[in-house]
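*Asks:* predicted model and sequence below, questions to follow.
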Amino acid sequence: MNERQLYYGDNLKILREYIADESVDLVYLDPPFNSNRNYNVLFKDESGQESESQLTAFEDTWHWDMAAESTYHSLLTDTTPEISTMMSALREFIGTNQMMAYLVMMTARLIELHRVLTSTGSLYLHCDPTASHYLKIVLDAIFGVDNFRNEIIWKRTSAHSSAKKYGDVHDVILFYAMSNTSCWNKVYQAYEPEYLDMFLDCVDEHGRRYKRMDLTGAGTTNGPSGDPWRGLDVRAKGRHWAYSPDVLEQFDRQGKIHWPKKAGGMPRLKQYREDLPGVLLQDVWNDIKPMHNLSAERLGYPTQKPVALLERILETSSNDGDLVLDPFCGCGTTIHAAQKLNRKWIGIDITHLAIALQKYRLKNAFELIEKTDYDVIGEPESFSSAKQLALDDRYQFQWWALSLIQAQPIGGETGSKKGKKGKDQGIDGMITFLDDPRAKPKRLIVQVKSGKVKSGDIRDLVGTLEREKAAIGVFITLERPSKDMKSEAASAGFYHSPNWRKDYPRIQILTIEELLAGREVQMPPTARTYKKAQREHQHPGKQQQLL
């Protein structure tokens, strides 16, 4: 098995069945939660009387249902006394609502993440102020209060106005370590120009600015650093030289000693800008630019985070070749940063759309190929498993089928756990292509069918093609098409490409069996689906085996 892995499915099940104890060096998770919804709704009792429309519309919604009740019961009976007491108290205080459902489901997953971390591992949980205080209580119970390290504040957006409150511009990242031996690499930030102007207050004969540093330390010693140097004895002042006489002489030959003009003054060490490492990283991060609509790395995923944010976390709490796990990996920013920094990685997501996005991202940014450079576990690999996916969740099937031809989904909600359907007007997916540089891009539209199909479906697709003024229509079907369907498709004729001087079938029928066997859509080679990730140059180094 490859040392890089993507898993499709519920991360709780995958963690329990696939990820070994003490095998992961760093966990980062950005679990879905909807802080943009009415805060009061999150605490409203879910007795079944609320209208469904009030509880939908965003992928981050959690509900108190039988699954939440069952998980809550197991947390009371199958965990430590600390976790059991904590969950009981939270339920008594919060009640049975979306917030409590969220905390129950997160607690079960955080217990598993604690299990898979090594003794030198760390966990970073990215959340917002809506639930961060509750999550901190949960993490205290699981990791222990002594292993809390920081509540990091990340400024995720620029200033904006809010009605009757201060603008919401930050997220919270809760940082917990497994022990005092957890990996910790010092990270420095650049100095502010004002700091350099103030403290680099001297200028040498070459015009270079420097600051002066004490060459002595507190206390006396009988070693070489306690001996007089250049006739200067600092022991009488209760101090010693911070360096041995040999090192002090070397500094002087290099011109790094500042000799005062006043007689009797103490020499000091010159420190130039290149000698200063920077300011140690603090717990407020406002130097990482937030994602915006014009960001070069933006891929269109609603909760995408900057790669720089994940690089900072990985550089601080992991080393070259370590294993990084993201159980809610979305569009794959953690995986991107891990690959770039030569870490091994595991990503888990519950939607086929997210897995598809990550596969495109890995190919575009690093030229990684599925099954050669990394494994995908949980996706259908046969007709029978594809049929089972269609029976389990037809919208997840639709997203997976669209990913086989790299088509952009249209209609469904991009991050939904359940894949609620939107108004697609007969279009499930789309690919655009440029056929004439002087004209607008043309469109290839896609329909996906997981049930019975008939010739009328092809006539409907032709009508949609004409209504949308699209160039090519693709019909993906789980069932085999009839002769009448093939005849209807053939009668639609061809799309002629003026740029490539080639004809392409205007209506194309592709079965899931054919796509799994490698069949491709016939279209001009300038097709574009998702925004391509920028090409990266990953950190060199030899990676180790995974588990």
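*Replies:* Yep, it's here.

*Asks:* ok, the closest residue to Lys452 other than its chain neighbours to Leu90 distance?
*Replies:* In space, and not counting its chain neighbours, Lys452 is closest to Glu479: 6.3 Å by C-beta to C-beta, 6 or more residues apart in numbering. Yep, even glycine has a C-beta here, placed from its N, CA and C like the rest. For Glu479, the distance to Leu90 under the criterion C-beta to C-beta, to the nearest Å works out to 49 Å.

*Asks:* next, the residue nearest to Lys452: secondary structure please.
*Replies:* Taken by DSSP: H, G, I helix; E, B strand; the rest coil, the conformation at Glu479 corresponds to coil.

*Asks:* do I have it right that it meets Lys449?
*Replies:* Yes - contact status for Glu479 versus Lys449: in contact at 7.4 Å, counting by C-beta atoms under 8 Å.

*Asks:* next, count neighbours for the residue nearest to Ser161 when sequence neighbours are not counted.
*Replies:* Using C-beta to C-beta, 6+ apart and skipping the chain neighbours, the partner closest in space to Ser161 is Gly167 (6.1 Å). When neighbours are defined as other C-beta atoms under 10 Å, Gly167 has 11 of them.

*Asks:* check contacts around the residue nearest to Lys452.
*Replies:* Lys449, Gly451, Lys452, Val453, Thr511 (C-beta atoms under 8 Å, 6 or more residues apart in numbering).

*Asks:* and if we set it to 10 Å?
*Replies:* Applying C-beta atoms under 10 Å, 6 or more residues apart in numbering, we find Glu479 in contact with Lys387, Lys449, Ser450, Gly451, Lys452, Val453, Lys454, Met485, Thr511, Ile512.

*Asks:* per-residue confidence for it?
*Replies:* Model confidence at Glu479, given as pLDDT, is 96.

*Asks:* same check, this time on Thr71
*Replies:* Looking at Thr71, its pLDDT stands at 94.

*Asks:* which element is it on?
*Replies:* helix 66-77 (DSSP states H and E).

*Asks:* quick one: the helix or strand that that helix is followed by to helix 66-77, angle?
*Replies:* Secondary structure here is assigned by DSSP H and E; on that basis, the next helix or strand after helix 66-77 toward the C-terminus is helix 81-94. Helix 81-94 and helix 66-77 meet at an angle of 130 degrees, taking axes from the mean of the first three to the mean of the last three C-alpha atoms, to 10 degrees as the criterion.

*Asks:* mean confidence (pLDDT) on the helix or strand that comes right after helix 81-94, please.
*Replies:* Per DSSP H and E, helix 81-94 leads on to helix 98-116 as the next helix or strand towards the C-terminus. Taken as a whole, helix 98-116 has a mean pLDDT of 95.

*Asks:* please apply the same query to stretch 442-461.
*Replies:* Summarised as a single mean, pLDDT over stretch 442-461 is 95.

*Asks:* quick check: end-to-end length of it?
*Replies:* When the termini of stretch 442-461 are compared using C-alpha to C-alpha, to the nearest Å, they are 17 Å apart.

*Asks:* any weak-confidence spans in the stretch 251-400 of the chain?
*Replies:* Residues of the stretch 251-400 of the chain meeting the criterion pLDDT under 70: 292-302.

*Asks:* in it, which spans are strands?
*Replies:* Along the stretch 251-400 of the chain, the stretches classed as strands by DSSP state E, counting those that start in this stretch are 257-258, 268-272, 279-280, 284-285, 323-326, 344-349, 375-377.

*Asks:* buried ones in the second one?
*Replies:* Within strand 268-272, the residues that count as buried by 16 or more other C-beta atoms under 10 Å are Arg268, Leu269, Lys270, Gln271.

*Asks:* cool, and stretch 277-294?
*Replies:* By neighbour count, with 16+ other C-beta under 10 Å as the criterion, the buried positions of stretch 277-294 are Leu281, Trp285, Ile288, Pro290, Met291.

*Asks:* do stretch 84-102 as well
*Replies:* For stretch 84-102, the neighbour count (16+ other C-beta under 10 Å) marks Met86, Met87, Leu90, Arg91, Ile94, Thr96, Asn97, Gln98, Met99, Met100, Ala101, Tyr102 as buried.

*Asks:* the third one against Leu103, yeah?
*Replies:* So the one you mean is Leu90. Yes - Leu90 lies in contact with Leu103 (C-beta atoms under 10 Å); the separation is 6.1 Å.

*Asks:* spit out the residues that contact the two alike.
*Replies:* When contacts are counted by C-beta under 10 Å, 6+ apart, Leu90 and Leu103 have Tyr72, Tyr134, Ile137, Val138 as shared neighbours.

*Asks:* does the first one touch Val104 like I think?
*Replies:* Yes - here Tyr72 reaches Val104: they are 4.8 Å apart, a contact under C-beta under 10 Å.

*Asks:* which neighbours do the two share?
*Replies:* Common neighbours of Tyr72 and Val104 are listed as Trp64, Met87, Leu90, Arg91, Thr96 (criterion: C-beta under 10 Å, 6+ apart).

*Asks:* show me which of these is closest to Arg16.
*Replies:* Within the set of the shared contacts of Tyr72 and Val104, Met87 lies nearest Arg16; the separation is 18.8 Å, counting by C-beta to C-beta.

*Asks:* got a list of what the closest one touches?
*Replies:* Counting by C-beta under 10 Å, 6+ apart, Met87 has contacts 71-73, 75-76, 79, 100, 103-104, 107, 137-138, 141.

*Asks:* ok, now with 7 Å
*Replies:* By C-beta atoms under 7 Å, 6 or more residues apart in numbering, the residues touching Met87 are Tyr72, Leu75, Leu76, Thr107.

*Asks:* surely the first one touches Tyr102?
*Replies:* The reference is to Tyr72. No - the pair formed by Tyr72 and Tyr102 falls short of the contact definition of C-beta atoms under 7 Å, at 11.9 Å.
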